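1. Build me a model from this:
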Amino acid sequence: MQTLALLALGACALALGLAAGACAAASPRRSFAAVAMLIGLGAGVPAAAQNASGAPGASVSSGAPPVEGVAPGFTGATGWLNTPPLSLPGLRGKVVVVSFWTYSCINCLRTLPHVRAWAQRYAGQGLVVVGVHTPEFAFEKDPANVTRAIKDLKLSYPIALDDGYQVWRAWRNRFWPAIYIVDAQGRVRHHQFGEDGAAQTEQVIQTLLREAKAPMPAGTVATDLGGIGMPADLDSLRSPESYLGYAQASAMASPEALARDQPRRYSVGRLGMNEWALSGVWTVGPEFAQARDADGAIALKFHARDAHLVMAGPPDGARFVLTLDGQPPGDEHGLDVDAQGNGRVDASRLYQLVRQRGTVRDRRIEIRFLDPGVRAYAFTFG
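-> Below you'll find the predicted structure:
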């Protein structure tokens, strides 16, 4: 149960640069809830950013947060949004939150409400939040896509674009999401890897602002955790993240063998739990499966409160219809689908398809596309 909960939250170790895109389960610690990427750093997570157990998570301290190391900065960023280029030396005297994220990652989307709220509440006390957007998928390297995403997500704080992973590597980071807290002297004093630990991270922010002699408002920030930011229902989670591109696909159940990088007609047979299948003519590439004709479909059997699919559409968008156990979803439709199951792929992003309102149980969905050209990347759950 714990292993599946962790994987469904995106705790997947991905080996960058390996042709096969190998994917391996991380340690079964659901509290980390982060995507780990092995980027050729033999030492992995730096020793200064490990807790006492030696495993990545939220740093733990009593009293003043310990010094974990000197913050590396943002050299190598490929661009900036919401601000001219920033540097940590230029922010000396400020407490800085450095938030590694990518906009189609559900774990990141569930963490952003906290980061956004900290930026708003503590800006007057000397806090600066810097998001570092390090992409997972190719479409997340497009500045126009990221600009649209930060507008939709109402992020007004500075965002560094890290398309070449140079900032990621400088910080020796391995996780989406990852949050580092830098004090007024430019030293890392706390880290949070994954979704858990927001309350402790806010306490560290307050402590470091007090160290910097900033006046501190009473209490902690009120955070809106509705919508896509609602925490995952871990007690009901039985489905892991599942990729559709052949580099990482492991749960395809169409009777036909997968044909790499060429069109093939697929069909849906019997689905086991956490298996998916294609119907119609699709081309499966390393990152995504693309519908070649109208009426292509994807079927999935899962067990989770929420089901999401990362998709990209053709320039004019693409319509789809979702059924839940063969029927319109009704009250259990997700944010991007109406009660009749109608939705539209209008941007390259994560789409919430289902949110179960009652008892969470095994469900089967089918997403039928009424227009060709949709690219489907990965299912995630919550």
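2. For the chain, give me the ranges with low pLDDT.
-> 1-62 (pLDDT under 70).
3. I'd like the domain boundaries of it, if you could list them.
-> Domain assignment of the chain by automatic domain parsing yields the ranges 2-229, 240-381.
4. Could you dump these into a markdown table and include mean neighbour count?
-> To be clear about C-beta, it is placed using only N, CA and C from the backbone, and glycine gets the same treatment. Shown next, in a markdown table, are those (neighbours: other CB atoms under 10 Å):
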| stretch | mean neighbour count |
| --- | --- |
| domain 2-229 | 19 |
| domain 240-381 | 19 |
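5. Specify the local secondary structure of R169.
-> helix (DSSP: H, G, I helix; E, B strand; the rest coil).
6. Okay, strands next: where are they in the stretch 251-382 of the chain?
-> Ranges of strands in the stretch 251-382 of the chain, per DSSP state E, counting those that start in this stretch, are 263-266, 276-284, 289-291, 297-302, 306-312, 318-324, 342-345, 349-355, 363-369, 375-381.
7. Report all helices and strands that the shortest one contacts.
-> Here strand 289-291 touches strand 276-284, strand 375-381, going by 3 or more CB pairs under 8 Å, 6 or more residues apart in numbering; DSSP states H and E.
8. for the first one, same thing?
-> With contacts defined as 3+ CB pairs under 8 Å, 6+ apart, the secondary structure elements packing on strand 263-266 are strand 276-284.
9. Pull the distance from the strand it packs on to the chain's centre.
-> For strand 276-284, the separation from the chain centroid amounts to 25 Å (computed by CA atoms, centre = their mean, to the nearest Å).
10. go on, stretch 219-232?
-> That offset, for stretch 219-232, works out to 16 Å (CA atoms, centre = their mean).
11. And stretch 341-349, by the same measure?
-> Worked out by CA atoms, centre = their mean, stretch 341-349 lies 18 Å from the chain centre.
12. now swap in stretch 108-127 and tell me
-> 17 Å.
13. T201 contacts I179, doesn't it?
-> Yes - if you go by CB atoms under 8 Å, T201 and I179 touch, sitting 6.1 Å apart.
14. between the two, what contacts are shared?
-> Q192 (CB atoms under 8 Å, 6 or more residues apart in numbering).
15. re the thing from before, which among the helices and strands packed on strand 289-291 is found nearest to A304?
-> A304 lies closest to strand 375-381 among those, at 3.7 Å (CB to CB).
16. Output that closest one in PDB with nothing but the alpha carbons.
-> Extracted in PDB, the C-alpha atoms of strand 375-381 (Å, rounded to 0.1, in the frame of the first residue of the first chain):
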ATOM      1  CA  ARG A 375      -0.900  13.500 -27.400                       C
ATOM      2  CA  ALA A 376      -1.400  11.600 -24.100                       C
ATOM      3  CA  TYR A 377       1.600  11.500 -21.700                       C
ATOM      4  CA  ALA A 378       0.900  10.200 -18.300                       C
ATOM      5  CA  PHE A 379      -1.900   9.200 -15.800                       C
ATOM      6  CA  THR A 380      -1.500  10.500 -12.300                       C
ATOM      7  CA  PHE A 381      -3.800  10.000  -9.300                       C
END
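17. Next, the angle strand 349-355 makes with that strand.
-> Computed by axes from the mean of the first three to the mean of the last three CA atoms, to 10 degrees, the angle separating strand 375-381 from strand 349-355 equals 50 degrees.
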